[in-house]
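Participant: Using only what follows, build the 3D model:
(one chain, ligands or ions: 1)
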Amino acid sequence: MRVCLCLLALAALSLHAAAPAKNETVRGKLVVRSGEAPVVETAEHARIVLDGDAPTRKVLHDPRVNGFEVEASGHFTAPGKFLIDPQHTRALVVRDGGKPKMITYWCDVCYIRAYAPGPCVCCQKDTDLELRDLDDIR
Ligand SMILES: [Zn+2]
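Facilitator: A predicted model of the protein is given here:
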């Protein structure tokens, strides 16, 4: 009888876990144009508007990432609107030659890496876009 109750409890837990917004992945080409919301264009030519947390938004408004093949995990907030998971979960990766890569920004003066575009936190020099293998980032 006790085993049976445990199983019931487990079943209830797993049902509960399935309730929040289900995690999904969108893949396609980034289209970044100034003054327009960033979108990903899928292989089926669907355009999905992307949103995310503050650093993700900065990346999505960087014209240098325009045209990248990306894969983003998160969930749809409305049809055609996709919210990317927080950046620290590495929810947005670039497919470069079949390899997943992280979008990073590098200051070659201070050797400081950032995950959003903008001036270096140390010397204020504009950081350079650099794609890094996910395996190289610990
Ligand atoms: Zn610097």
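Participant: what does the protein put close to the ion?
Facilitator: C107, V109, C110, C120, C122, C123 (CB under 5 Å from the ion). C-betas here are computed from N, CA, C, even on glycine.
Participant: buried subset of those residues?
Facilitator: In those, burial by neighbour count holds for C107, C120, counting by 16 or more other CB atoms under 10 Å.
Participant: which stretches of the protein have low pLDDT?
Facilitator: 1-21, 137-138 (pLDDT under 70).
Participant: which residue is nearest the centroid of it?
Facilitator: Note on the chain: the residue nearest the mean C-alpha position is L92, at 2.2 Å, using CA atoms, centre = their mean.
Participant: Inside helices: which ones of the residues of the chain next to the ion?
Facilitator: Among the residues of the chain next to the ion, DSSP state H puts none in helices.
Participant: Farthest-apart pair in the residues of the chain next to the ion, please.
Facilitator: Based on CB to CB, the longest span within the residues of the chain next to the ion runs between V109 and C122 and measures 7.8 Å.
Participant: need the contact list for E24.
Facilitator: Counting by CB atoms under 8 Å, 6 or more residues apart in numbering, E24 makes contact with S73, G74, H75, F76, F82.
Participant: what's the most distant pair in these?
Facilitator: S73 and F76 (11.7 Å).
Participant: Narrow the contacts of E24 to those that are buried.
Facilitator: For the contacts of E24, buried by 16+ other CB under 10 Å: S73, G74, H75, F82.
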